[in-house]
Structures are given as C-alpha cells and as structure tokens.
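> Kindly generate the corresponding structure for this input.
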Amino acid sequence: MFSWIKRVIESVEDWIEDWSNDPEPQSPPKPPVCVDDDENCPATGAPNNPYVPDKYKYNKQLWDTMEYNFIGKQKPSHITWTINKLKKGVAKYKKAARLVNTKTGKAVPWQVIACIHMKEGSGNFDKQVLNGQKWWRKTTWVPKGHGPWESWEKACVTAFLIKNTPQRWTIENTLHFLERFNGMGYAMYRRNIVGFTPYNWAFTNHYKGGYYTSDGKFDRDAIAMGVGLAVILKELGFEG
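Down below sits the predicted model:
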C-alpha cells in the first residue's frame, strides 16, 4: 500500500516539475504564412482576400444557401442539445476570447472558441481546445509538447498563438479557418462523396454522408453525428 502512495507522490512531483519548466511564451511568435493544403506553401488567394486560397472559396456561398438537413440517425434534438451545452459556457468563452486578445493581439470571436471546444473537447471544460486532452497535462497527441497550463483559458491562448488566424473574421474566413483547424482531407480527397466537410456542414444540405472514423480511415457509409460548425455559428448568433 505504501509503495502505491509513494508512486502517486512521485508522479505528482514529476508533473509539478514539468509544469514549472514549461513557461508560457512571453511574446507571440510570428504566425505561419501557409494556409493552403501544403503545409509549407504560401497562400494563393485573390488579392482582396489572401487568407482563403482560390480553390477553397466556397464557404460564403454555402453559408448563404445552408438549410438544416438530417440524414441517418441525425435529429433536430442533437442541435438543441449541442447549443444548450455551449450556451452554459458563454461567460467562459468570452473570458477566453478576452485573454487571447490580450496575450496575442488576435480578436478571436468567442463563438469560434466555442465551436472548436465542442469539436475537440465535446464542450467539457476539463479538455482544452488544442486537441481535446486535459489542460493540466502536457499534450501527447498532435500538436505534441504543449502545456500544461494554469487554466483552460490559458490553453486557448496557446491554441491561437500557433494557428494562422484571419485578420478579419468574415463568414468566409471563419469557416475556412475552422475547416483548416480540422484538416483539409475532405476537401482534397472526398468532396465527390461527402459534398463538403462534415466538420462544418454536417446537419445541413451541404453534407451527403461519409466520414473519417479514425485518422486515415474513411468510411463512405458512416454518417457524422457531430453538429456542423456552420450550424453552431448560426445558432450562436455569429454574423461575421
């Protein structure tokens, strides 16, 4: 029994040591230039909106023509449950948005933080927005080696420090940022099957079915059950 207690104490001491040796950055690093599907290539967008590459300029039209649509086991009650859960955390999302702005100079809308938190952490505040792991632990999933943090809000700061965010959170920019946050696999390889990424468009007329059930494993018969972020943005009153 005593050896078990000793192991617990040692684990806690190791955790505290890791935390103390991993301070937050004092100044934000320069954001990466790339927003395209190649990780090392510059953006190729039109001059009036360089954040979104030409081949991904579809989100504004999709937003304007979006209608709620349910396939498979999707139900309107799933949207209701999701929005109710997020609304309970509005004060915390707004607090995180203020902290992100103070620490990084980036005016990230609180609705964007809420959207990512629902996808990455199911809206649970013991899970950070970077990849859904516990915020008081160092990340072991991609992106690895970040944290631990003093609070959930401070984990949000790191997430937006290392992401290339738009200067203006228009509908087009916001939806592209969210799609990019999850990855461009659907847009690059599966558009003829799914329509558009379920990360943004599940529960709408722009998603036809098909889903990555795990990393690299696509099932054309699977249906995404998480509410698309375009729906969440609309229900949270985001206007861009």
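> Spell out the residue ranges of the strands in the chain.
211-214, 217-219 (DSSP state E).
> Identify each buried residue in the last one, please.
Okay, so that is strand 217-219. Neighbour-count burial for strand 217-219, counted by 16 or more other Cβ atoms under 10 Å, picks out residue 218. For the C-beta atoms, the positions are set from N, CA and C on the backbone; glycine is no exception.
> what residues does that strand touch?
Applying Cβ atoms under 8 Å, 6 or more residues apart in numbering, the external contacts of strand 217-219 come out as 189, 190, 210, 211, 212, 213.
> swap in the first one?
By Cβ under 8 Å, 6+ apart, the surrounding residues in contact with strand 211-214 are 185, 186, 194, 198, 218, 219, 222, 223, 224.
> and the closest residue to the first one other than its chain neighbours, how many residues sit next to it?
It stands for residue 185. Spatially, and ignoring its direct neighbours in sequence, residue 185 is nearest to residue 212 (6.7 Å; Cβ to Cβ, 6 or more residues apart in numbering). If you count neighbours by other Cβ atoms under 10 Å, residue 212 ends up with 21.
> Throw together a PyMOL command that grabs the buried residues out of the contacts of strand 217-219.
Per 16+ other Cβ under 10 Å, the buried members of those correspond to this PyMOL selection:
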select buried, resi 190+210+211+212
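> Going by distance to residue 131, which of the contacts of strand 217-219 wins?
Closest to residue 131 out of the contacts of strand 217-219 is residue 212 (15.6 Å), distances taken as Cβ to Cβ.
> Residue 146 and residue 135, how far apart?
Going from residue 146 to residue 135 by Cβ to Cβ, to the nearest Å gives 10 Å.
> go on, residue 221?
Distance from residue 221 to residue 135, by Cβ to Cβ: 35 Å.
> Excluding sequence neighbours, find me the nearest residue to residue 156.
Nearest non-adjacent residue to residue 156 (Cβ to Cβ, 6+ apart): residue 96, at 4.3 Å.
> Check residue 238 too.
Residue 238 sits nearest to residue 111 (Cβ to Cβ, 6+ apart), 4.3 Å away.
> Spatially, and excluding backbone neighbours, which residue is closest to residue 159.
Counting by Cβ to Cβ, 6+ apart, the residue nearest residue 159 is residue 130, at 4.5 Å.
> That neighbour contacts residue 146, correct?
Yes - contact criterion Cβ atoms under 8 Å: residue 130 and residue 146 qualify, at 6.2 Å.
> shared neighbours, these two?
Contacts common to residue 130 and residue 146, judged by Cβ under 8 Å, 6+ apart, are 139, 158.
> Of the two, which one has the most company?
residue 130 (25 against 19).
> ok, so what distance separates the more buried one from residue 186?
Between residue 130 and residue 186 the distance is 21 Å, computed by Cβ to Cβ.
> now swap in residue 58 and tell me
Here residue 58 is placed at a distance of 12 Å from residue 186 (Cβ to Cβ).
> Find residues that contact each of these two.
Taking Cβ under 8 Å, 6+ apart as the contact rule, residue 58 and residue 186 both touch residue 196.
> mean confidence for stretch 109-116?
In this model, stretch 109-116 has a mean pLDDT of 98.
> chain center to that stretch, what's the gap?
From the chain centre to the centre of stretch 109-116 is a distance of 8 Å (Cα atoms, centre = their mean, to the nearest Å).
> ditto for stretch 87-106
Counting by Cα atoms, centre = their mean, stretch 87-106 is centred 14 Å from the centre of its parent chain.
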